[in-house]
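*Asks:* what's the 3D shape of this:
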Amino acid sequence: MALLMRIATWNINGLRARLDYMALWLEARQPDVVGLQELKTPTDQFPHDFFAELGYQALVHGQKSWNGVAILSKLPIELKQTGLPGEDDWGSRLITADIDGKLEFTTVYCPNGKTVAHDDFGNKLRWYESLLSHWSQSDLDTRVLCGDFNIVPQALDSWRGDEADGGIFHTDEERKRLQAVMDSGLIDLYRHHSPNEQAFSWWDYRGGAFHRKQGLRIDFVLGTQPVVDITETVTIDRDFRKKHDGLTASDHAPVFADLAI
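*Replies:* As a prediction, the model looks like this:
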């Protein structure tokens, strides 16, 4: 019987504000590997001891006040890449590790873009082109690319449906860039297992969006075909977008997949 490896992605929206909440989730879900985004914490201030007590080694590419990514792992882990080549001006948004010689695991925090009229929008599109160029340089078989992509792939993934088309996260230009990355040999694990289900991974803190089911699906676990072949379940962990023990959640829910490694 194959052993399960649980891999996850989670934009935690500020590491310092979320440590105790993360401990609850790690205990409840017991993931083996987690890609974290939006740490808002410098690399040298990352609380390694806190996670070590929970059984996790951490690799970190942090940044003061903004951005920042990390990988937590219970399994042997080796750093392979920090930062997206050519995109240093956009901050700490990519980290890659080898997981126990079985899986190349990359997590990303893709630029937001602000609005379609903002200069950041064009920069977001170029960042995606750099991501495609970087990702396409490897020919490894078993690879995962996960994180906060800040793009809604299709109308089903937005609470407003196709009424949102043309707005930020919902433009053809953004979707074409994301699709180009997917066309390099990646499959959306959640959508593969749930082709017609509407589910969201992000809800605005304002206006009661979570309780009104006004969300977006922008957090993905993407995998190559060998990863798809061993994926048993994929879960958007909506329960951990709620308060627990009086602790406030991130505005993103974790997403995790169970692999039969």
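*Asks:* Give me the buried positions along stretch 181-193.
*Replies:* 181-182, 184-191 (16 or more other Cβ atoms under 10 Å). Using the backbone N, CA and C atoms, a C-beta is placed for each residue, glycine as well.
*Asks:* In helices, which of these fall?
*Replies:* 181-182, 189-191 (DSSP state H).
*Asks:* can you give me the helices in the stretch 1-150 of the chain?
*Replies:* Counting by DSSP state H, counting those that start in this stretch, the stretch 1-150 of the chain has these helices, from start to end: 15-29, 48-53, 119-135.
*Asks:* Any regions of the stretch 1-150 of the chain where pLDDT drops low?
*Replies:* The stretch 1-150 of the chain contains residues with pLDDT under 70 at 1-2.
*Asks:* which residues sit against stretch 191-209?
*Replies:* For stretch 191-209, the surrounding residues in contact (Cβ atoms under 8 Å, 6 or more residues apart in numbering) are 11, 148, 153, 156-157, 159, 190, 210, 213-219, 228, 231, 233-234, 236, 238, 241, 251-253, 255.
*Asks:* Any of these buried? List them.
*Replies:* Looks like the contacts of stretch 191-209 have 11, 148, 153, 157, 159, 190, 210, 215-219, 228, 231, 234, 236, 241, 251-253, 255 buried, using 16+ other Cβ under 10 Å.
*Asks:* Of those residues, which belong to helices?
*Replies:* 190, 228.
*Asks:* Give me the subset of the buried ones among the contacts of stretch 191-209 that lies in strands.
*Replies:* 11, 148, 215-216, 219, 231, 234, 236, 255 (DSSP state E).
*Asks:* Just send these back as CSV, with distance to Q63 too.
*Replies:* Converted to CSV, those look like this (distance: Cβ to Cβ, whole Å):
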residue, distance to Q63
N11, 14
D148, 15
G215, 27
L216, 24
D219, 20
T231, 31
V234, 29
I236, 27
V255, 23
